[in-house]
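Undergrad: Okay, here's the prediction I keep looking at, along with the sequence it came from:
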Amino acid sequence: MDDVRCWFCHDDVRGDLPPGGWLIDDGVWRAGHAPASYAVPGTVILESRRHVLDQSGFDAGERATVANATGRLITAIRAATACDRVYQWATMDGFPHFHTWLVPWWAGGDLRGPRYLTAAVVDVEAADPDLVLATAHRLAAALPGATGQ
């Protein structure tokens, strides 16, 4: 599956870094803030560096580190956005490559669960790029060891 050319994982296909650069890029995982047109500010996309469809295909290193990477990012998202929860959404619909979307949720909103995810990711209007960049910088500051590349 390594020849698959998805936007997230191939620099030559994507052409630019996520806002604020990569938060994590450790050879096993890579994570960055979603672009302004993709989701609400504070949304982070965590991907496996290796092309694998889902957790059933994880190797020992991926299995041993996924919870740590996800937990560190959720902690940073809460700190950077003051959200009440972080929803996790993974569909692997477009490409056979594991991507988890970590989407902040605030208790004051009218929507919850899948309806919120649809509004926050699918039907979202593009956020202010400056707000997204500022949020990405707060995420990096809240995440010890963020790469920022």
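TA: Right, received. Where do you want to start? The structure displayed is predicted, hence computed values, not measured ones. Numbers count the residues shown, from 1 in each chain.

Undergrad: Looking at the protein, which helix is longest?
TA: For the chain, the helix that runs over the most residues, judged by DSSP state H, is helix 60-81.

Undergrad: what's that one packed up against?
TA: With contacts taken as 3 or more Cβ pairs under 8 Å, 6 or more residues apart in numbering; DSSP states H and E, helix 60-81 sits against strand 22-25, strand 29-33, strand 44-48, strand 85-89, strand 99-105, helix 129-142. Glycine gets a C-beta too; all of them are placed from N, C-alpha and C.

Undergrad: Figure out which of these is closest to residue 114.
TA: Residue 114 lies closest to strand 85-89 among the helices and strands packed on helix 60-81, at 8.9 Å (Cβ to Cβ).

Undergrad: Show me what counts as buried in that closest one.
TA: 86, 87, 89 (16 or more other Cβ atoms under 10 Å).

Undergrad: Would you mind listing the residues in contact with the first one?
TA: Going back to what we said before, that points to residue 86. Residue 86 makes contacts with 74, 77, 78, 102, 103, 104, 105, as judged by Cβ atoms under 8 Å, 6 or more residues apart in numbering.

Undergrad: Out of these, the closest to residue 65 would be?
TA: For residue 65, the closest of these turns out to be residue 74, at 14.6 Å, with distances computed as Cβ to Cβ.

Undergrad: What score does residue 95 have for pLDDT?
TA: Confidence at residue 95, expressed as pLDDT, is 73.

Undergrad: For residue 54, see how far away it is.
TA: Residue 95 sits 12 Å away from residue 54 when distances are taken as Cβ to Cβ, to the nearest Å.

Undergrad: So what sits opposite the spatially most central residue of the chain in the bridge?
TA: The structure's the chain has its C-alpha centroid closest to residue 45; by Cα atoms, centre = their mean the separation is 1.4 Å. Counting by DSSP bridges, residue 45 is bridged to residue 32, residue 101.

Undergrad: Not counting its neighbours along the chain, what's nearest residue 69?
TA: Once flanking residues are discounted, residue 69 sits nearest to residue 29: 4.6 Å by Cβ to Cβ, 6 or more residues apart in numbering.
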